[in-house]
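J.: 3D, please:
(one chain, ligands or ions: 1)
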Amino acid sequence: MNRLLKNSNKYFFHSIYIEEGALNYPITKNIIEKYCNSNLIIIKHYKDVFNRTNQNFSVQKQNQSLILAVKSKPFVYNGPDVCQNFGYSNFYYTSFLLNCIFDCEYCYLQGMYPSSNIVAFVNIEDFKSEIKYITSKESVFLAASYDTDLIAFHNIVPYLDYFYDFFKSLPNLLVEVRTKSANESFYKTHKAIDNLIVAFTLSPDEIIKKYERSTPSLDARIKAAKTAISMGFKVRICLDPIFVGPDVDSFYEPFYNYLFSQINPNDILDIGYGFFRMSKDFFKRIEKIRPNSLLFCDDYSLKDGVLSYPSNLQEKIMKKHYEILTKYINEDKIFSL
Ligand code: SF4
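T.: Numbering: from 1, shown residues only. From the prediction side, this is the model:
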């Protein structure tokens, strides 16, 4: 099990690195107090540790360190084409954290970052200023947890507590927080707000066991989604990434039927649906890190620099899946890439 999940103050993180400039921020003070038995190391800049050469992403993942840092501009980015915008043309994303406590085999972060240590940015007021600025000009859809899992990290740094009133105060903002976590504490301690969507990424249990190491089971995620629904939160179901192959195709029909035997489809906002896809550059890097992964041995098609299943295969599988999904939910509530 990932050491981050162990409930031990002393061994929670391998080490905690703190930028000199981050020392006086409230988040830093809370972390120092909470993990007082950890190995604390003061550094000049997070990139001195995070961007070191010759780091092994997979090995480091078993023994992650935390790095507290001050982010410089930009705080908000334009949403990339490989991510769903759910019909919103003004689509942005932000990252309070770099990396994630989970260890999904298909995670593109392995190809994006040189390190699997977690960087937590402490200057949240700067993020707020930029978000406020962009929403003063237009209505915005903001993905706040694409590159990480904020809900899974909530017991370490509760970013959603810090941003709750702020998000609530911006009528021009719609925020999506995507998660695989079973942590229910946020939904139990906050009232639902209209402009916040909690998007639960769900997969058949066989896929979770195969590719989503150290994440909660399907039932644990469904339980958390039901809690969020019962507390009035807008809940999106993300069926993404979908995998294709003789060994996995049969998992999906029973999974969809089970999912909607547990969650009333009328209680969810919509569904995001997308096949496994990855930029060619990230794919090449991950192939080297995970030489034994069958996922990175499959044959994919290349289109606009992105590798995914051939489009005729995607169409065939998607048709089959939509036939099942539309028994439960209108097609206009299913967003696919
Ligand atoms: S939960 Fe998402 S961000 Fe975290 S490891 Fe899995 S794919 Fe990556």
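
J.: which of the helices or strands spans residue 120?
T.: With the criterion set as DSSP states H and E, the secondary-structure element containing residue 120 is strand 118-121.

J.: and whichever helix or strand comes after that strand, which residues are buried?
T.: Stepping forward along the backbone from strand 118-121, the first helix or strand reached (DSSP H and E) is helix 124-137. Of the residues in helix 124-137, those with enough neighbours to count as buried (16 or more other C-beta atoms under 10 Å) are 124, 127, 128, 131, 134, 135. The C-beta positions use only the backbone N, C-alpha and C, and glycine is treated the same way.

J.: cool, stretch 257-266 as well?
T.: Buried-residue list, stretch 257-266, by 16+ other C-beta under 10 Å: 259, 260, 263.

J.: helix or strand: which one has the first one?
T.: When secondary structure is defined by DSSP H and E, residue 259 falls within helix 252-262.

J.: can you name every helix or strand that that helix contacts?
T.: helix 218-230, helix 311-325 (3 or more C-beta pairs under 8 Å, 6 or more residues apart in numbering; DSSP states H and E).

J.: try 10 Å
T.: Helix 252-262 is packed against helix 205-211, helix 218-230, strand 234-242, helix 311-325, with contacts defined by 3 or more C-beta pairs under 10 Å, 6 or more residues apart in numbering; DSSP states H and E.

J.: figure out which of those is closest to residue 86.
T.: In this view, the helices and strands packed on helix 252-262 are compared for proximity to residue 86 by C-beta to C-beta, and strand 234-242 is the closest at 8.1 Å.

J.: pull up the pairing partners for that closest one, direction included.
T.: Strands that pair with strand 234-242, judged by DSSP bridges, come out as strand 196-201 (parallel), strand 270-275 (parallel).

J.: so which of those is nearest the ligand?
T.: strand 196-201 (7.1 Å; C-beta to the nearest ligand atom).

J.: how far off helix 218-230 does that closest one point, in degrees?
T.: The directions of strand 196-201 and helix 218-230 differ by 160 degrees, with axes from the mean of the first three to the mean of the last three C-alpha atoms, to 10 degrees as the criterion.

J.: export strand 196-201 as PDB, just CAs?
T.: As requested, the backbone C-alpha atoms of strand 196-201 are provided in PDB (Å, rounded to 0.1, in the frame of the first residue of the first chain):
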ATOM      1  CA  LEU A 196     -19.600  23.000  -7.800                       C
ATOM      2  CA  ILE A 197     -19.800  19.600  -9.600                       C
ATOM      3  CA  VAL A 198     -18.200  16.500  -8.000                       C
ATOM      4  CA  ALA A 199     -17.200  14.100 -10.800                       C
ATOM      5  CA  PHE A 200     -16.700  10.500  -9.700                       C
ATOM      6  CA  THR A 201     -14.500   8.500 -12.000                       C
END
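
J.: so does it get close to the ligand?
T.: No: Strand 196-201 does not reach the ligand (C-beta under 6 Å from any ligand atom); its nearest approach is 7.1 Å.

J.: adjust the sequence numbering to begin at 98 for everything that follows.
T.: Let's use 98 as the start, then, which means that last one is strand 293-298.
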